[in-house]
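1. here are the coordinates; sequence isn't available:
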């Protein structure tokens, strides 16, 4: 069974703090790991993605850390802002074999408070 | 550039009624998907179409049918709605399967 386990379910962070969301997967064939951000009433939108040939990818305040041996990856939001309050989903897919849809984690609701 | 357009945005159905959720994309994407989102359950794949002319079941296909009408359009049909199908439904599309999804804004469906 292809699964992506995401934690925590919810997270409250002070403005300026670091938000960390973790995901773990079982299928070693997964080779593409995106994160999606969803604001209330909107559809999810791609935030950042990583492939397993690198251990870290940074885009602005958002960083993905990837640990291939542990089959884990995480999203770090530095200097968290109230505008970052949203639901975040990790996901994974097997790009090499093709035609496999993304498998999503269950989501983390982040609240950044002033 | 509209991206992925879903209609309707809101719908209330009575148990046993049928309806079709419409989805259209204008990005020339090959693959399209239908997900449902429920509190605490994340995004669960109902059906997907890897390319025009093909459809496949996802994680939760029971009670639904789909039609890939052409490259742009992918519809989801509920033949006999049940309260368990109360959810927010998202359509998405991508160039290739499993990467770079663009989501629509969702359809909030309530079955009473």
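-> Perfect, I can see it now. Just so we're clear, the structure is a prediction, and the values are computed from it rather than from any experiment.
2. Could I get the contacting residues of the closest residue to residue A:58 other than its chain neighbours?
-> Closest residue to residue A:58 apart from its sequence neighbours, by C-beta to C-beta, 6 or more residues apart in numbering or on different chains: residue A:64 at 8.0 Å. Placement of C-beta: from N, CA and C, glycine included. Listed by C-beta atoms under 8 Å, 6 or more residues apart in numbering or on different chains, the contact partners of residue A:64 are A:33, A:35, A:48, A:49, A:50, A:56, A:57, A:58, A:73, A:74, A:75, A:76.
3. out of those residues, which one sits closest to chain B?
-> The shortest approach to chain B among the contacts of residue A:64 belongs to residue A:49, at 8.0 Å (C-beta to the nearest C-beta).
4. Distance-wise, check the closest residue to that closest one other than its chain neighbours relative to residue B:99.
-> Nearest residue to residue A:49, sequence neighbours excluded (C-beta to C-beta, 6+ apart): residue A:34, at 3.7 Å. Distance of residue A:34 to residue B:99, computed by C-beta to C-beta, to the nearest Å: 8 Å.
5. These two - which one has more neighbours?
-> residue A:34 (22 against 18; other C-beta atoms under 10 Å in any protein chain shown).
6. so that one sits in a strand?
-> Yes - checked against DSSP: H, G, I helix; E, B strand; the rest coil, residue A:34 lies within a strand.
7. hang on, the earlier thing: and the contacts of residue A:64, which of them are buried?
-> Buried subset of those (neighbour count, 16 or more other C-beta atoms under 10 Å in any protein chain shown): A:33, A:35, A:48, A:49, A:50, A:57, A:73, A:74, A:75, A:76.
8. Make TSV out of those residues and add secondary structure.
-> TSV is the format used below for those (three-state DSSP):
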residue	secondary structure
A:33	strand
A:35	strand
A:48	strand
A:49	strand
A:50	strand
A:57	strand
A:73	strand
A:74	strand
A:75	strand
A:76	strand
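9. With respect to residue A:18, which of those residues is nearest?
-> Closest approach to residue A:18 among the buried ones among the contacts of residue A:64 (C-beta to C-beta): residue A:76, at 6.2 Å.
10. how many neighbours does the closest residue to the closest one other than its chain neighbours have?
-> Among residues not flanking residue A:76 along the chain, residue A:63 sits closest, at 4.5 Å (C-beta to C-beta, 6+ apart). Residue A:63 has 18 neighbours, counted by other C-beta under 10 Å.
11. Contacts only, for residue A:63.
-> Contacts of residue A:63 (C-beta under 8 Å, 6+ apart): A:56, A:57, A:75, A:76, A:78.
12. Give me every residue in chain B lying close to chain A.
-> Residues of chain B lying near chain A by C-beta under 8 Å from any C-beta of the partner chain: B:4, B:31, B:33, B:35, B:40-45, B:48, B:50, B:58, B:90, B:92, B:96-106.
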